[in-house]
Structure formats: C-alpha cells, structure tokens
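Chemist: My questions are about this predicted structure, shown below with the sequence.
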Amino acid sequence: MTVSQNQLEHDFREVFRTPHPVAVFRAPGRVNLIGEHTDYNQGLVCPIALDLACYAAIAPATHGKLRVYSAELGETHEFEIRALASLSPRHDWTDYVVGVAQLLQRAGVEVTPVDLYIHSEVPRGSGLSSSAALEVASALALLGNRGMDRLELAKLCQQAEAQFVGLPCGIMDQYASLFGREGTAILIDCRSYTHSEVRLPSNLRVIAVNSMVKHELASSAYGQRVAECREAVAELEPFQPGATSLRDIPLTVFERFQDSMSPIPRKRARHIISENARVLDFAAAAQSGDLPEMGRLFIAAHRSLQYDFEISCEEIDFLVDTAIKIKGVHGARMTGGGFGGCTVNLVDPSAVMEFERRITAAYSGRFRKTPLFYDCEPSAGAGRFTP
Ligand code: GLA
C-alpha cells in the first residue's frame, strides 16, 4: 500500500474542488495460485487478495452526473445520471464503472450524482485483476453507507463485466477482491459460492513476475474457451446424464469416454477436470507444508494450461522454464486469463533476491523487456479505507 487516506482525499479535492465530505474505498487485485479457467466451469480456484489495490474516493455532487477521474490516465469523463440506464460501452476503462453503476441501478439502488476519483496500483493487463478491483471499488463507493450482501455484490460486478464490458468471465476475481483475507489464500467453490481458508507455509514467498506483455488475442480467446468448455459438456453429457458443467464430470468418466470426443473439447475438458483435482491437492499440500508437492502441482498446472488449454505464450513459458531451474524455486506457472500478464512463483525466502536477479537477466536478454516483481502477501478484502 503506497497511498494514505489523507493523500487520496487531498488529490481528490485538487481535481474536483468540492466542499462535500469525501469517502474512500479500497478493493484489492488478486493473484490466483491455482485453478485457472475453472471458475466459469463451476469449479475450484485458490487466489489470494493482494496488497496492490484500486482506491475509489467519492463525494456527492449537484451537477446531475457521474463524473469519474483516473489518476493514472489523468482524464475525466462525465455521464448524465438520467441517461445511465441507456448508456452503452465506450470500450475504455470507464466501462467498468458505468457497467457497475448501471447494474446497481437495475438492482434498485439509487445512483445519485457524484464525483469519483480512481487511483489504482494494480497494473493493467497483468492478470492481477485490475478490472475486478476497479469494479468492486466503484461499486462500494457508489453504494456508500447502503449495505449490500458481499456475494450479491461480487455477482453484480461479475455481471457488469460479462454484460456491459462484454467479457464472459467467471466469479473468481470479484469474489477474491471482496472475500480475500490477510494472511491466507482462499479456496473458492464456484458452484456453491462458498470458500475456506488455505494457510500457506511460513517459509515461502509468493512472487508474481510481470512479463510486461498482453497479447491481443486475450479477450477473444477467453470467449472461445468458454464456448469450447460448453461443447465439452455437451459431448460428455450422454456418459454422465444430467451434467451441466465440467464440474459434474468425474475424472474416471472423462478417462473412459474421452476417445469419443472431438480433439479441442477433449483437451479443454482434460485441463478443467484435472485442474479441479490439482486445486484440492494443492490446498492439502499447503496445509501440511509440503512445498515440493505444491511446486509439482504448480508446474503440472502450467503444462496443462500450455498444452491442453493453450492459453500461454512464449514470454510466459520462458519465465516459467527459467524460474523452475533456479535453486530455491519450488514451482512456477502462468496466472490469470492467459496470453501474457504474470507468472506466479513459489520461492524460498532466502532465494528471492537471486531469483529476481536471474529472471531479470534472462528475460531482458531474450525479450528486451524488464520484468516487474510483486511480493504477494495475502491481504484484506475490499472495504472502506480508513486511515
Ligand atoms: C480472468 C477471469 C476470471 C477467470 C480467470 C482465469 O481473470 O476474469 O473469471 O476465469 O481469467 O482463471
């Protein structure tokens, strides 16, 4: 955390010059440890909420508008409140805010004129969920003192992204931002919408490495994977009657009937079904402090994403392959939606400096880009930001 509530309030007043009281809300990004693309298949995921967060400072206004300012981009945009219900996406960062405002309104929450100042520390396009952090921070700010059930809020933000922004995402990012807890990862069951804590061994650091690339393919491929997983369910349903998602297909059923499937849905199903099992194994290994097993599962998950789900890329594979050869690195894998962004690494505390040095040298030598490192300390979920 690099900002203070006072600083945000001060910066807010510099931009908006309002006499009204300012309230500040914080929503963290997340790093997913394991369980990738399983969320929209009603499966299991295991993220941690990050210290890196999006902050939304808000004050009431009399201009009849939703006025939003991004500190990172230095730009302001205005939307008439009375036109909110009929607005369509502009295909920029404001869509996350407007989408959330529109859905809140549809859910019966009165959205009143406000000035909204956004400051985000979550790097965009990095796979650390800057969009969910922005959605959740904006939603909390617009709600103010009006309460809303956290799960309902996570679903509302997810719907804003799926329906307004147009990315058919699962619930993981918004859920992790709202339910994350200091000092622990959470294992989320994306079918029952419940979670349990997964304590990580103390002799371990979780380091995210930003490849500094995000390939164009990312959002179109995401929708394609959602569709391919649906096809896989349709092909497997005759062997598991009543199955509505890949979560309903036991590994034994998949193994027995996979030869009758078309090649692409078969690969996608193999990733999702094996990944759900890896999430459970990972949680068990973490609870018993079995670092080699946690590392093995990380690498197996990466290979599955690389070859079966086919959402990795050259830069990310290079980062993983380089990392796992470094002494003191238990495991490495891509994290997030895919096609760039970050890897997540399980590193012995004594090896972190050497890890960062060697990754920087190798990666910049090969791709002429300097990677960034984030120490992923499990942090608190979203809420009012108090000094
Ligand atoms: C993105 C989506 C999530 C999830 C991940 C992949 O972050 O927003 O819902 O599907 O990709 O695990």
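Modeler: Nice, I can see it.
Chemist: contacting residues for the residue nearest to residue 336 when sequence neighbours are not counted?
Modeler: Excluding the flanking residues, the one nearest residue 336 by CB to CB, 6 or more residues apart in numbering is residue 127, at 2.5 Å. For the C-beta atoms, the positions are set from N, CA and C on the backbone; glycine is no exception. Residue 127 makes contact with 334, 335, 336, 337, 338, 340, 341, 342, according to CB atoms under 8 Å, 6 or more residues apart in numbering.
Chemist: Distance-wise, check residue 255 relative to the ligand.
Modeler: Here residue 255 is placed at a distance of 24 Å from the ligand (CB to the nearest ligand atom, to the nearest Å).
Chemist: Count the residues that sit near that residue.
Modeler: Per other CB atoms under 10 Å, the neighbour tally for residue 255 reads 11.
Chemist: In three-state terms, label it for me.
Modeler: Three-state call for residue 255 (DSSP: H, G, I helix; E, B strand; the rest coil): helix.
Chemist: can you pull the pLDDT of it?
Modeler: At residue 255, the predicted lDDT confidence score is 97.
Chemist: which one of the contacts of residue 127 sits closest to the ligand?
Modeler: residue 337 (3.5 Å; CB to the nearest ligand atom).
Chemist: Show me the strands in the stretch 101-250 of the chain, by range?
Modeler: Under the criterion DSSP state E, counting those that start in this stretch, the stretch 101-250 of the chain contains strands at 114-120, 185-189, 194-198, 205-214.
Chemist: check whether the last one contacts the ligand.
Modeler: No. With CB under 6 Å from any ligand atom as the measure, strand 205-214 is seen stopping short of the ligand, the closest distance being 12.2 Å.
Chemist: what lines up beside that strand in the sheet?
Modeler: Sheet pairing of strand 205-214 (DSSP bridges) gives strand 340-347 (antiparallel), strand 372-375 (antiparallel).
Chemist: For the ligand, which of those strands is the nearest?
Modeler: strand 340-347 (8.9 Å).
Chemist: what's the helix or strand that that closest one is followed by in contact with?
Modeler: For strand 340-347, the following helix or strand on the C-terminal side (DSSP states H and E) is helix 352-367. With contacts defined as CB under 8 Å, 6+ apart, helix 352-367 is touched by 205, 207, 209, 211, 213, 315, 318-319, 322-323, 326-329, 345, 347, 369-371, 373.
Chemist: mind redoing it with 10 Å?
Modeler: By CB atoms under 10 Å, 6 or more residues apart in numbering, the list of residues contacting helix 352-367 from outside reads 205, 207, 209, 211-213, 314-315, 318-319, 321-323, 325-329, 332, 343, 345, 347-348, 351, 369-373, 375.
Chemist: would you put the C-alpha positions of it in CSV?
Modeler: Only the C-alpha atoms of helix 352-367 are listed here, as CSV (Å, rounded to 0.1, in the frame of the first residue of the first chain):
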residue,chain,number,x,y,z
VAL,A,352,14.2,-14.2,-3.6
MET,A,353,17.0,-11.8,-4.5
GLU,A,354,18.9,-14.3,-6.6
PHE,A,355,15.5,-15.3,-8.3
GLU,A,356,14.8,-11.7,-9.3
ARG,A,357,18.3,-11.1,-10.5
ARG,A,358,18.4,-14.2,-12.7
ILE,A,359,14.9,-13.7,-14.1
THR,A,360,15.6,-10.1,-15.0
ALA,A,361,18.9,-11.0,-16.7
ALA,A,362,17.4,-13.9,-18.7
TYR,A,363,14.2,-12.2,-19.6
SER,A,364,15.6,-8.9,-20.7
GLY,A,365,18.4,-10.7,-22.6
ARG,A,366,15.8,-12.7,-24.5
PHE,A,367,12.8,-10.2,-25.0
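Chemist: Measure how it sits relative to strand 340-347, angle-wise.
Modeler: Put simply, helix 352-367 runs at 150 degrees to strand 340-347, going by axes from the mean of the first three to the mean of the last three CA atoms, to 10 degrees.
Chemist: Can you list the buried residues in helix 352-367?
Modeler: Buried residues in helix 352-367, counted by 16 or more other CB atoms under 10 Å: 352, 355, 356, 358, 359, 362, 363, 367.
Chemist: Show me what from the chain comes close to the ligand.
Modeler: Looking at the ligand, the residues of the chain close enough under CB under 6 Å from any ligand atom are 32, 36, 37, 39, 40, 129, 169, 170, 172, 173, 336, 337.
Chemist: By residue count, what's the longest helix in this protein?
Modeler: Using DSSP state H, we find that the single longest helix of the chain is helix 263-287.
Chemist: quick one: it to chain centroid distance?
Modeler: The chain centre lies 18 Å from the centre of helix 263-287; the measure is CA atoms, centre = their mean, to the nearest Å.
Chemist: So which elements touch it?
Modeler: Packed against helix 263-287 by the contact rule (3 or more CB pairs under 10 Å, 6 or more residues apart in numbering; DSSP states H and E) you find strand 23-34, strand 44-60, strand 185-189, strand 194-198, helix 218-236, helix 251-257, helix 291-303.
Chemist: Buried residues, stretch 273-292. List them.
Modeler: Here stretch 273-292 shows 273, 275, 276, 278, 279, 281, 282, 283, 285, 286, 290, 291 as buried, counting by 16+ other CB under 10 Å.
Chemist: any idea of the angle the longest helix of the chain forms with strand 23-34?
Modeler: 100 degrees.
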